[in-house]
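Chemist: Fold the stuff below for me.
(one chain, ligands or ions: 1)
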Amino acid sequence: MADSGPTLSNLSTESRSFPPSEEFAAQANATEEWYARGDDDREGFWAEQADRLHWHQKWDQVLDWQPPFAKWFVNGKLNVAYNCVDRHVDDGHGEQVAFHWEGEPGDSRTITYADLKSEVSKAANALTELGVQAGDRVAIQLPMIPEAVISMLACARLGAMHSVVFGGFSPGALKARIEDAECKLLITSDGQFRRGKPAPMKENTDEAVKDTPSIEHVLVVKRTETEVPWTEGRDVWWHDVVDRQSDEHEAQAFDAEHPLFILYTSGTTGKPKGILHTSGGYLTQAAYTHHVVFDHKPGESVYWCTADIGWITGHSYIVYGPLANRATSVLYEGTPNTPHEGRHWEIVQKHGVSIYYTAPTLIRTFMKWGKEIPEKYDLSSLKVLGSVGEPINPEAWMWYRENIGHDRCPIVDTWWQTETGAIMIAPLPGVTATKPGSAMRTIPGISAEVVSEEAEPVGPGGGGYLVLDKPWPSMLRGIWGDEERYKDTYWSRFADQGYYFAGDGAKYDDDGAIWLLGRVDDVMNVSGHRISTTEVESALVSHPTVAEAAVVGASDETTGQGIVAFVILRGNAAKDGGEDAIKALRDHVSKEIGPIAKPKKILVVEELPKTRSGKIMRRLLRDVAENRDVGDVSTLADSTVMDLISSGLKDGS
Ligand code: PRX
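Modeler: Model (predicted):
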């Protein structure tokens with residue numbers, strides 16, 4: 001298995017640098033001077049960015065910081081959906097396209113800002129009829145169809161929080177999220193298209209809400225026209241309830257700190273964290289970053305973020321940031337190779353996409369498919385290329401630059417997290433020189449440090465932990481229902497300094513550019529998706545044949561990391577731990593959490609390496625999974641365990 005991720009050694013040899021072209025710089029949205037402005041008067045800088053939005057009532061204090069609790073734009077009032085939709089129509093841009101939607105089977109829809117206003121208003125009226133009020137929680141599990149965006153905006157309009165759950169999560173995972181937030185309504189669809197064929201959706205969501213007393217209604221969008229089970233009184237069709245509503249709806253203003261959404265993400269324990277974001281600061285930073293990092297020009301740019309709305313990237317860079325900036329976006333329902341491997345480039349050509357934002361795992365997949373594929377299409381409309389979700393290796397970065405950007409488009413590698421809400425570290429196109437594999441520096445208004453174990457700044461050339469040393473507008477406001485976990489997870493590691501601990505390793509090169517090195521905790525990053533090792537371990541041990549399990553993320557050429565599990569089987573199962581048993585376990589994890597968590601490899605072992613205090617040493621298992629010599633075993637309770645594992649492995653891939 002080749003090591004595709006950047007490491008301290010391969011990064012220190014990277015010396016290529018690409019300064020911005022004069023032509024790009026001359027028209028860029030930001031200038032070098034913004035960095036100093038962001039540092040010299042941080043609050044004033046953010047107040048200027050907040051002025052991009054329409055405020056029903058202006059704030060009277062930019063920041064109230066009672067570490068680790070922040071309030072931004074105190075006493076300001078706004079409506080997020082009004083900012084994303086109505087004001088553009090009021091400003092005379094109702095006919096501008098908000099979304100060019102491309103369905104997987106080849107159907108398409110064009111949605112203008114005027115259409116969006118009318119659809120969101122109708123949906124808000126329908127939600128009100130179904131009993132949804134400000135402060136309520138609404139779960140959404142939908143494919144990438146316009147109703148997904150409309151549902152999110154309808155919630156925002158009413159001041160109800162959405163909790164979007166990625167379609168690839170199992171009924172059990174959806175249920176856990178619905179229960180944690182006590183959602184009142186679930187919005188879903190009859191089915192979804194997957195690689196050209198209808199696949200079930202409502203059967204799964206029905207299983208999730210079988211006994212969730214908080215759910216009063218399930219609102220169902222018709223997408224695949226498949227027959228679905230129906231619970232009278234609870235289930236309602238979108239076309240029955242939404243279509244007949246008035247397209248007038250007065251958007252009420254909410255406090256800047258009014259909750260906007262909850263989005264669950266994996267932490268180091270088995271239980272996902274409900275990350276809470278609020279309104280004014282979040283929208284300010286989502287809009288500002290979309291403007292400067294992508295050099296977005298309203299009415300001119302055609303923007304495409306390929307993420308799913310089930311992830312934070314979809315929230316901030318398909319829905320909120322772009323719409324606040326009056327973007328014309330592509331929204332694509334399907335997979336990148338349906339019906340052929342040139343689908344993305346065909347869409348870029350069709351709509352004249354100028355800004356394309358995707359993940360390294362997909363770039364590496366395109367590399368595998370070959371440069372002949374993008375070569376068949378006209379990609380001359382592209383101006384800026386973005387990357388997000390995991391460290392991008394220099395080879396993938398260069399391939400992206402040469403074969404998609406034709407050496408012309410700046411690449412913006414953007415580092416951020418569900419918790420940060422919006423981009424934090426990225427070059428600014430037209431301003432910052434870029435290096436293949438580096439996210440370069442914090443954007444204006446944001447401050448970060450790389451520090452040692454003892455919280456000392458490491459300085460140029462040094463490596464350590466990435467921390468955020470100043471509050472930022474789109475920072476998470478907590479973990480839903482668990483204040484202690486919020487403090488413990490992010491603020492206890494460097495409590496004395498008051499730093500936010502991001503959980504990522506990073507280094508500075510000699511020029512002071514930042515290179516992200518991946519997670520330093522027990523969180524894996526598979527195709528840009530965060531999955532916790534403990535979550536997969538819990539799923540494995542819930543299977544009757546498994547006595548014990550340990551899971552690690554091992555480097556993978558395409559997906560960044562792949563899930564490798566080591567399991568000890570029980571009595572009889574241990575005797576025939578053959579391929580069938582391993583397949584059953586992989587399927588079991590997929591059923592428990594979702595297909596994204598399915599281990600790539602399961603290895604049956606007789607022992608697991610543990611310290612004297614009983615902690616599994618994943619580091620050693622990672623050595624085995626990545627075919628390396630096993631490192632220092634002196635802290636193991638029984639140092640012969642690793643020999644046993646290495647000699648007795650039954651490869652179950
Ligand atoms: O490890 C970092 C990695 O993804 C984590 C955040 O995952 P999530 O909350 O799911 O959000 C992903 C999309 C913003 C981070 O802790 N990560 C994200 N972007 C990058 C990255 N690692 C390196 N470079 C990036 N550009």
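Chemist: Leaving out sequence neighbours, find the closest residue to residue 14.
Modeler: Closest residue to residue 14 in three dimensions, ignoring its sequence neighbours and counting by CB to CB, 6 or more residues apart in numbering: residue 394, at 5.3 Å. For the C-beta atoms, the positions are set from N, CA and C on the backbone; glycine is no exception.
Chemist: so how far is residue 225 from the one you found?
Modeler: Counting by CB to CB, to the nearest Å, the gap between residue 394 and residue 225 amounts to 47 Å.
Chemist: what does stretch 143-152 contact?
Modeler: Under the contact criterion CB atoms under 8 Å, 6 or more residues apart in numbering, stretch 143-152 has outside partners 99, 101, 103, 109, 111, 116, 119-120, 123, 138, 140, 142, 162, 164, 167, 187, 189, 192-193, 201, 221, 223, 238, 261, 308-309, 315, 318-319, 331-334.
Chemist: So for it, mean pLDDT?
Modeler: For stretch 143-152, mean pLDDT is 98.
Chemist: ok, now stretch 189-203?
Modeler: Averaged across stretch 189-203, pLDDT comes to 94.
Chemist: For stretch 601-618, buried residues please.
Modeler: For stretch 601-618, burial by neighbour count (16 or more other CB atoms under 10 Å) applies to 601-605, 607-610, 616-618.
Chemist: for stretch 91-109, same thing?
Modeler: Residues of stretch 91-109 classed as buried under the neighbour-count rule (16+ other CB under 10 Å) are 93-94, 96-104.
Chemist: ok, now stretch 357-371?
Modeler: 357-367.
Chemist: ok, back up a step: correct me, but the residue nearest to residue 14 touches residue 437?
Modeler: Yes. If you go by CB atoms under 8 Å, residue 394 and residue 437 touch, sitting 4.2 Å apart.
Chemist: Going by how many neighbours each has, rank those two and give me the top one.
Modeler: Counted by other CB atoms under 10 Å, residue 394 and residue 437 do not tie: residue 437 has more neighbours, with 25 against 18.
Chemist: Doesn't that one belong to a helix?
Modeler: No. Per DSSP: H, G, I helix; E, B strand; the rest coil, residue 437 lies outside any helix segment and is coil.
Chemist: check contacts around the residue nearest to residue 289 when sequence neighbours are not counted.
Modeler: Nearest-residue entry for residue 289: residue 423, 4.1 Å, with adjacent residues in sequence omitted and distances by CB to CB, 6+ apart. Remark: with contacts taken as CB under 8 Å, 6+ apart, residue 423 is in contact with 289, 293, 414-416, 443.
Chemist: now residue 372
Modeler: Taking CB under 8 Å, 6+ apart as the criterion, residue 372 is in contact with no other residue.
Chemist: go on, residue 182?
Modeler: Taking CB under 8 Å, 6+ apart as the test, what residue 182 contacts is 137, 214.
Chemist: In this structure, where is pLDDT below threshold?
Modeler: 1-13, 574-577, 648-653 (pLDDT under 70).
Chemist: Show me what from it comes close to the ligand.
Modeler: Taking CB under 6 Å from any ligand atom as the criterion, the chain approaches the ligand at residues 265, 312-313, 388-391, 413-418, 439, 502-504, 516, 518-519, 525, 530.
Chemist: Now, those residues that are in helices?
Modeler: Secondary structure defined by DSSP state H assigns 312-313 of these to helices.
Chemist: mind listing which of the residues of the chain next to the ligand are in strands?
Modeler: 265, 388, 413-414, 502-504, 516, 518-519, 525, 530 (DSSP state E).
Chemist: nearest residue to the residue of the stretch 101-250 of the chain found nearest the ligand other than its sequence neighbours?
Modeler: Nearest to the ligand in the stretch 101-250 of the chain, going by CB to the nearest ligand atom, is residue 166, at a distance of 10.5 Å. Using CB to CB, 6+ apart and skipping residues adjacent in sequence, the residue nearest residue 166 is residue 310, 2.9 Å away.
Chemist: And the helix or strand that residue 344 is a member of, what does it pack against?
Modeler: Per DSSP states H and E: residue 344 is located in helix 343-351. Here helix 343-351 is seen to pack against strand 302-305, strand 328-332 when contacts are counted using 3 or more CB pairs under 8 Å, 6 or more residues apart in numbering; DSSP states H and E.
Chemist: Just the C-alphas of it, formatted as PDB.
Modeler: Backbone C-alpha positions of helix 343-351 (Å, rounded to 0.1, in the frame of the first residue of the first chain) are rendered in PDB as follows:
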ATOM      1  CA  ARG A 343     -19.800  13.400 -16.100                       C
ATOM      2  CA  HIS A 344     -18.300  16.200 -14.000                       C
ATOM      3  CA  TRP A 345     -16.400  17.700 -17.000                       C
ATOM      4  CA  GLU A 346     -19.500  17.400 -19.200                       C
ATOM      5  CA  ILE A 347     -21.400  19.500 -16.500                       C
ATOM      6  CA  VAL A 348     -18.600  22.000 -16.300                       C
ATOM      7  CA  GLN A 349     -18.700  22.400 -20.100                       C
ATOM      8  CA  LYS A 350     -22.500  22.600 -20.200                       C
ATOM      9  CA  HIS A 351     -22.900  25.300 -17.600                       C
END
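Chemist: going on from it, what's the next piece of helix or strand?
Modeler: Using DSSP H and E, the helix or strand that directly follows helix 343-351 along the chain is strand 355-358.
Chemist: Nearest to the ligand: which residue in the stretch 151-300 of the chain?
Modeler: Using CB to the nearest ligand atom, the single residue of the stretch 151-300 of the chain nearest to the ligand is residue 265, 5.1 Å away.
Chemist: Near that residue, how many other residues are there?
Modeler: Around residue 265 there are 20 residues (other CB under 10 Å).
Chemist: State the distance from it to residue 419.
Modeler: Looking at residue 265 against residue 419, where the rule is CB to CB, the gap reads 8 Å.
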